[in-house]
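Asker: my questions concern the predicted model and sequence given below.
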Amino acid sequence: MSRQEIDAEQRYVTRLYRRLDELRKEEADRLAQALSQSGTGHQALLERDVTAARCRERITRLDAAENGLCFGRLDMADGGRRYVGRLGMLDEDADREPLLIDWRAPAARPFYTATGISPQGVRRRRHIRTGGRTVTGVQDELLAPDAADGATGELTGEAALLAALDADRTGRMADIVETIQAEQDRVVRAPRAGVLVVQGGPGTGKTAVALHRAAYLLYTHRERLERSVVLLVGPNPLFLRYVGEVLPSLGETSVLPATVAELYPGVTADGAEPPGAAEVKGRAVMAEVVAAAVRDRQEVPDGGLEVVHDGGTVRLERDACRWARDRARATGLPHNPARPLFVRLVTDLLARRIAEQVTASVLDGLPAEETGGPAKEPVVLFDEDDVEDIRRELREDPGVRAAIDELWPPLTPQRLLTDLYASPGRLASAAPGLTPAERALLLRDPGSPWTPADVPLLDEAAELLGEDDRAARAAAEAEHRRRVALAQEALDISYGSRSTDADCEEEAEVLSAHDLLDARRLAERQREADHRTPAERAAADRTWAFGHVVVDEAQELSAMDWRLLMRRCPSRSMTLVGDIAQTGSPAGASSWQEVLEPYVGDRWRLERLEVNYRTPAEIAEVAAGVPAAFGVPCDPPRAVRSTGTRPWRTRVAPGDLPAALAALAAEEAAAVGEGRLGVIVPAGRLEELGRAVAEAVPGAETGGDARLESPVVVLDPARAKGLEFDSVLVVEPERIAADTPRGPNDLYVALTRATRRLGVVHTGGLPAVLAGLRPRRRDGRAGGRRDGRADTGAGR
Ligand SMILES: Nc1ncnc2c1ncn2[C@@H]1O[C@H](COP(=O)(O)OP(=O)(O)OP(=O)(O)O)[C@@H](O)[C@H]1O
């Protein structure tokens, strides 16, 4: 590209940055002005907060656009020209003509989808590379069908794409806004409504697409989604950290990233449990188990209810207790809100029973002619007021309250599950469909930490138990009355200190608070504003209805996880991305239809991604054999590039594994230079092998708390899900495949994490599909380029 072309682009890009700076300054001024507003009323404070929040959001978006502000240009066949970048900007000096088009705007779409065969009015597509604010290069594609050097292949902006794929990994996922491919763009811009499933093999860009779709939806439906928030669900905190910078780098903050385990506010579910227990807890039948556990707490004792009150014993027989329970259940209310009715009915029955007993005993002591008879009215010793007095006494009697609580106790979800897990009897009653061995997996001591698989059960219980919020409402009302009283006091003081000097007309003219406000309004104005962002409020609210839910690695979720997520998204506006062939969790999905059927029937759309951008052909070919060898249905994606570096294997003596692995890790870390190395080991050997590697490679880290920016990270397959590294060492593949019922999928995941180089280290046997790997040469080389960089253009 000629120097003049680059200079011309530099002039334009400089102008864009000038405009960006102006917009930033305008927004900063607007923010300063909003914050300096002197109004003190509730309304004024609210308006100030809203304006300030909007300004901050816009400043965040402007700041996020700093890197790679403009990355493309479309020259249209009609002579028009469009610059495409991270946000839209208008030219204030030229009739608000677009200076830069946001990548998400419809006018930018041909940048991603125009081809030689379908040029969409585009003559030339130009990729503009920048470093900071400096243009460092441009690449053109001509889109006329007959153009030599034209864009007739399936890739858009091929050179820019391959450069991005071949770059060193940093431990954090980057956005792909400059090189989104046509098949991905179709998913990114799909309509918001309904459930969209994106199925694609490893490395097809599902995560990238899901995140860019969230950014697209926030841009297109900003008003609605910024208020209601987009929920982004990932399989574990490590993964969420890995992808955590993508949306902020696109200027989007109204997103709540969370694992399902984090979606029950107030509970930290970081306990561990055997995979078998998690699998049982994830089954759909657990919804019935929780419901049965709640019903079991609404008891009708065989012998009825017996209470001691005021020195005497009162009994309610079984039928009376059942009648009260059935009446309370018939309200259709959840357990806790229905409880007051049950308590009232039982108290009432008890009060009447006492009245009857007292009457009977009094009558027993009277002569027969005074106790009524066929010709006389029955003797009535208690009128309704007397019965009400007894009811009140019963309510105030702690012994009676405790006895009624036994029959229908106030319950929190935590209490319900703790009691259930602690009692073989309760479990047998609530879960007759589970085998004794499965029930035994659920048994545990009270006080044990909550696990991720408990969270959907707690959520289920919360729905069925509900909250008796009378106390909370009463407290809120009392607080309001307290504020009004305080406000009244303030107004009285203001009134008391008013000017009483009849001669001082000027002062008498001045209006004081007491002239303008009554106490109720003043109290209202002083109410504390909620300064949390919508995402923060959503995080703290179990009943929040998200505007859109994106689920990554969706195949990992259990049936119970899905019930929780569907509750969080009543609109069913969802994007679910995953790969059935990568399901690792024993409770995870085997078919999308099975997962979605209970919620949307067959009203969901499927998109497939078929190009593998991550793993080069040499690695993809080896990995693709794994699902097939283990009978897992799979349609492996086509690798987009080839590096010429073939994966290798090496066998070491069992006792030498830690030391040998440490040495290999050190060599691989050196081979990838500034890139990253992932070492994926069987879960049971994580600590031991992680320690060995850390001793040999400075900065190496292990497990779920590892910093992904570290040069070397040692992980088990479950934690490696969704991540990628320049080079990967897979250790003991046979054991990984055998470790869990879905071990073969775990092995498939492990083998597909590398962008450049793959080595397999084993002590014993090797799955047959890996037996054909080239042995590692003594000099550490396995053929091909040492660094594993792509031979651009090959392998397609
Ligand atoms: N259009 C693109 N331009 C540049 N890089 C891309 C593009 N599409 C995908 N990639 C890169 O390919 C790699 C794989 O993408 P991603 O992690 O989204 O795949 P995935 O389908 O979620 O994989 P897996 O299922 O294995 O976790 C990432 O580094 C991503 O940035």
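Answerer: Nice, I can see it. Residues are numbered from 1 along each chain as shown.

Asker: counting contacts, what elements does the top helix by length along the chain pack onto?
Answerer: Scanning the chain for the helix with the most residues, using DSSP state H, yields helix 3-35. Helices and strands touching helix 3-35, by 3 or more Cβ pairs under 8 Å, 6 or more residues apart in numbering; DSSP states H and E, are helix 42-64, strand 70-76, strand 81-85, strand 89-91, strand 97-102, strand 122-131, strand 134-142. For glycine as for every other residue, the C-beta is placed from the backbone atoms N, C-alpha and C.

Asker: buried sites along that helix?
Answerer: By neighbour count on 16 or more other Cβ atoms under 10 Å, the buried set for helix 3-35 is 6, 9-10, 12-13, 16-17, 19-20, 23-24, 27, 30-31, 34.

Asker: out of those, which one has the weakest pLDDT?
Answerer: Going through the buried residues of helix 3-35 one by one, the lowest pLDDT turns up at residue 34, 85.

Asker: dump the residue contacts of that residue.
Answerer: Residues counted as contacts of residue 34 (Cβ atoms under 8 Å, 6 or more residues apart in numbering) are 48, 51-52, 55.

Asker: repeat the analysis, applying 6 Å as the threshold.
Answerer: Residue 34 makes contacts with 48, 51-52, as judged by Cβ atoms under 6 Å, 6 or more residues apart in numbering.

Asker: okay, the angle between the longest helix of the chain and strand 122-131?
Answerer: Computed by axes from the mean of the first three to the mean of the last three Cα atoms, to 10 degrees, the angle separating helix 3-35 from strand 122-131 equals 70 degrees.

Asker: let the chain start at 242 from now.
Answerer: Fine by me, first position is 242 from now on; the one you just mentioned is helix 244-276.

Asker: chain center to helix 244-276, what's the gap?
Answerer: The offset between the C-alpha centroid of helix 244-276 and the centroid of the whole chain comes to 35 Å, using Cα atoms, centre = their mean, to the nearest Å.

Asker: equivalent analysis for stretch 816-835, please.
Answerer: 17 Å.

Asker: anything in that stretch near the ligand?
Answerer: Yes - using Cβ under 6 Å from any ligand atom as the criterion, contacts between stretch 816-835 and the ligand involve 820, 823.

Asker: what average pLDDT does stretch 569-580 get?
Answerer: In this model, stretch 569-580 has a mean pLDDT of 96.

Asker: quick one: low-confidence residue ranges for the stretch 342-491 of the chain.
Answerer: Scanning the stretch 342-491 of the chain with the threshold set as pLDDT under 70 gives 385-395.

Asker: which parts of this protein sit against the ligand?
Answerer: Counting by Cβ under 6 Å from any ligand atom, the residues of the chain near the ligand are 402, 405-406, 417, 420-422, 425, 441, 443-449, 820, 823, 854-855, 963, 965, 993.

Asker: what angle separates the longest helix of the chain from helix 283-305?
Answerer: Using the same axes, to 10 degrees: helix 244-276 against helix 283-305 is 160 degrees.

Asker: how much space separates residue 940 from the ligand?
Answerer: With the distance defined as Cβ to the nearest ligand atom, to the nearest Å, residue 940 ends up 22 Å from the ligand.

Asker: remind me which helix or strand that residue belongs to.
Answerer: Using DSSP states H and E, residue 940 falls within no helix or strand.

Asker: next, give phi and psi for it.
Answerer: Residue 940 adopts backbone torsions of phi 90, psi 0, taken as degrees, to the nearest 10.

Asker: does it touch residue 955 like I think?
Answerer: No - look at residue 940 against residue 955 with Cβ atoms under 6 Å: they stay out of range, at 11.9 Å.

Asker: of these two, which one has the most company?
Answerer: Neighbours around residue 940 and residue 955, counted as other Cβ atoms under 10 Å, are more numerous at residue 955. The numbers are 31 against 12.
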